[in-house]
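Participant: Task: produce atomic coordinates for the following.
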Amino acid sequence: MEQSAVLTMRGICKFFPGVRALENVDFTLREGEIHALMGENGAGKSTLIKVLTGVYPKDGGEIHLKGHDAAVNIRSPQDAQNLGISTVYQEITLCPNLTVAENMYIGRTKDPTVNWKKINADASKLLESLAIPAKATQQLGSCSIAVQQMVAIARAVDMDCKVLILDEPTSSLDEQEVAKLFKLMISLKEKGVGIIFVTHFLEQVYEVCDRITVLRDGKLVGEYVIEDLPRVQLVSKMLGKEFDDVADIKSEADTENIDYNGTPVYEAEQLAGTTGIKPFDFQIHKGEVNGFTGLLGSGRSECVRAIFGADKVNGGTVKVNGKTVKINKPLDAMKNGISYLPEDRKRDGIVGDLSVRDNIILALQVMKGFFRPFSRAQAEAFADEYIKLLSIKTASSDTPIKSLSGGNQQKVILARWLLANPVYLILDEPTRGIDIGTKVEIQKLVLKLASEGKSVTFISSEIDEMIRTCSRLVVMRDGKVVGELSGDDFNQNKIMATIAGGESK
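Facilitator: Below you'll find the model as predicted:
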């Protein structure tokens, strides 16, 4: 075990029936470093974390911690916690109905008489030392998700954690909240805490991390100092192949065939909703991929929800293929050939307890009417076709969709809308929280649909992904359209400048 290492895992193996989840994986975390654990879905990241935290027993290898002469045996999460290993998950596991202080100290005192004055004072001191913007006595549920995660981190720090695991902590945060979280992470790093950072966001890795360990198919690809591994190489190592297909993905889009002079497939004039967006004009042509961009909260999602009728519209006119129509609810949009994949797939997209098959046929069944159900054979045929077309990884079409990975759930929702055969498809954050390989598949599918004549609006928080996929961007800020970029203006610098403040004419 090297001198500065706080954690060393050597030759870690984990087997499940018929699956080698981890095979001879090494991992080293040093004191006072932020170490990214990277890999596609199924690479072994979660399994390695669960072995380290005692959720899974290892089938081979050794774990060494600083301060222990021999290898440690971690048989439960409580063992891990006692050894100074703490985990903060993407889904907050604290109690929103309790105060911040109660959450920080719950389950940590055996004394039947609780000195709340002291606990609140201790919590206030800790919150202040970590610059966490919360009061000890306020209800946790009144705090933002970012602050709730910081409170979970503060609890771990106060329990003298030496190894802090952050599992997708930024997936639900906006840019300002991410900045606050990173400030806290850097503060802990300076105090000597070793942080394992699991994320899908490449730009965040390069902003805050010192080293990267890459896993693929349950095996170690390598450990790298951040400065020695450019992004393209990182992605290449995660996928196990050269990444030209992502770098050059835009070349697959045949923008020359878009008829910008023809009648738009969809056209809105001064469309306004009840969600705070200002009236906006928008149009999309046959075979075009365009997008809305802007910071989280800029109004980009509200615009497409207004287009689809998911939010109430209180002004403006809409034309589909040149004909004026009324779209007051999603069914109106669907009947006019418009489909919408929502930003929050768990809340608005999947029906968790239904099978993959039932989720795929749902939109088409709604349009047909529930009193005219598809036969089992028809439903099976539809499901099998799209499971094969989109390479959806599922044991069968009967599998509950909630059992699938996030990327495969996203593919099922895509299948649902493709089966409805829309002329205009709206995709809001279709690649959020899924692995890079699946992202590439979805981006290529979008361009393929456009080449076949469908119109697609694509929204992503990742500007480089928008540039690869779209040919035109509507830029949003504070609920208002502040620019439309295409041609020579369609580059990252111009997009960022327009988002930041310069209106583009």
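
Participant: Could I get the phi/psi values of residue 31?
Facilitator: Residue 31 adopts backbone torsions of phi -60, psi 140, taken as degrees, to the nearest 10.

Participant: That one: neighbour count?
Facilitator: Residue 31 has 17 neighbours, counted by other CB atoms under 10 Å. Backbone N, C-alpha and C define where each C-beta goes, glycine included.

Participant: give the contact list for it.
Facilitator: 4, 5, 6, 66, 162, 192, 193, 194 (CB atoms under 8 Å, 6 or more residues apart in numbering).

Participant: Toward the C-terminus from the lowest-mean-pLDDT helix or strand in the chain, list the very next helix or strand.
Facilitator: Scoring the helices and strands of the chain by mean pLDDT, DSSP states H and E places helix 244-247 at the bottom, with a mean of 47. Next along the chain after helix 244-247, taking DSSP states H and E as the criterion, comes strand 266-273.

Participant: Which residue, neighbours along the chain excluded, lies closest to residue 322?
Facilitator: Once flanking residues are discounted, residue 322 sits nearest to residue 263: 4.4 Å by CB to CB, 6 or more residues apart in numbering.

Participant: Would you mind measuring from the one you found to residue 319?
Facilitator: Distance of residue 263 to residue 319, given as CB to CB, to the nearest Å: 8 Å.

Participant: next one: residue 222
Facilitator: For residue 222 relative to residue 319 (CB to CB), the value is 55 Å.

Participant: Compare those two and say which is more crowded by neighbours.
Facilitator: Each of residue 222 and residue 319 has its neighbours counted (other CB under 10 Å); residue 319 has more, 16 against 12.

Participant: three-state assignment of the more buried one?
Facilitator: The three-state label for residue 319, taken from DSSP: H, G, I helix; E, B strand; the rest coil, comes out as strand.

Participant: Same question for stretch 459-469: list its buried residues.
Facilitator: By neighbour count on 16 or more other CB atoms under 10 Å, the buried set for stretch 459-469 is 459, 460, 461, 462, 463, 465, 466, 467, 468, 469.

Participant: Please disregard the earlier target; I meant stretch 266-275.
Facilitator: Within stretch 266-275, judged by 16+ other CB under 10 Å, the buried ones are 266, 267, 268, 271, 272, 273, 275.

Participant: Now compare those residues and name the two farthest from each other.
Facilitator: 267 and 275 (20.9 Å; CB to CB).

Participant: all helices for the stretch 1-150 of the chain, in order.
Facilitator: For the stretch 1-150 of the chain, helices defined by DSSP state H, counting those that start in this stretch occupy the ranges 45-52, 77-82, 100-105, 116-129, 145-158.

Participant: would TSV of those helices with mean pLDDT be doable?
Facilitator: Formatted as TSV, the helices of the stretch 1-150 of the chain follow (pLDDT from 0 to 100):
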stretch	mean pLDDT
helix 45-52	93
helix 77-82	91
helix 100-105	88
helix 116-129	87
helix 145-158	82
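
Participant: Give me whichever of those is most buried.
Facilitator: Of those, the one with the most neighbours on average (mean count of other CB atoms under 10 Å) is helix 100-105, at a mean of 24.

Participant: Identify the residues contacting that helix?
Facilitator: Against helix 100-105 from outside (CB under 8 Å, 6+ apart): 94-95, 116, 119-120, 122-124, 126-127, 134-140, 143, 151-152, 154-155, 158.

Participant: Spell out which residues make up each domain of this protein.
Facilitator: Following automatic domain parsing, one gets these domains for the chain: 5-242, 243-337+423-505.

Participant: Confidence-wise, which of those is weakest overall?
Facilitator: Per-segment mean pLDDT for the domains of the chain reaches its minimum on domain 243-337+423-505, at a mean of 82.

Participant: Check the offset of that one from the chain's centre.
Facilitator: 19 Å (CA atoms, centre = their mean, to the nearest Å).

Participant: same deal with stretch 202-218?
Facilitator: In terms of CA atoms, centre = their mean, the centre of stretch 202-218 is set 16 Å apart from its chain centre.

Participant: what do you get for stretch 165-173?
Facilitator: 9 Å.

Participant: And stretch 363-374, by the same measure?
Facilitator: From the chain centre to the centre of stretch 363-374 is a distance of 31 Å (CA atoms, centre = their mean).

Participant: same thing with stretch 12-31?
Facilitator: 24 Å.

Participant: hmm, back to that, out of the helices of the stretch 1-150 of the chain, nearest to residue 209?
Facilitator: By CB to CB (comparing all of those), the closest turns out to be helix 45-52, at 14.3 Å.

Participant: Take the closest one, keep the C-alpha atoms, and write them as CSV.
Facilitator: Provided in CSV are the C-alpha atoms of helix 45-52 (Å, rounded to 0.1, in the frame of the first residue of the first chain):
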residue,chain,number,x,y,z
LYS,A,45,-18.7,0.7,-11.1
SER,A,46,-21.7,0.1,-8.9
THR,A,47,-20.6,-3.4,-8.1
LEU,A,48,-17.1,-2.2,-7.0
ILE,A,49,-18.8,0.5,-4.8
LYS,A,50,-21.1,-2.1,-3.2
VAL,A,51,-18.2,-4.4,-2.5
LEU,A,52,-16.4,-1.5,-0.8
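
Participant: Quick one: list the elements packing against that helix.
Facilitator: Secondary-structure packing of helix 45-52 (3 or more CB pairs under 8 Å, 6 or more residues apart in numbering; DSSP states H and E): strand 5-16, strand 19-30, strand 34-38, strand 163-167, strand 194-198.
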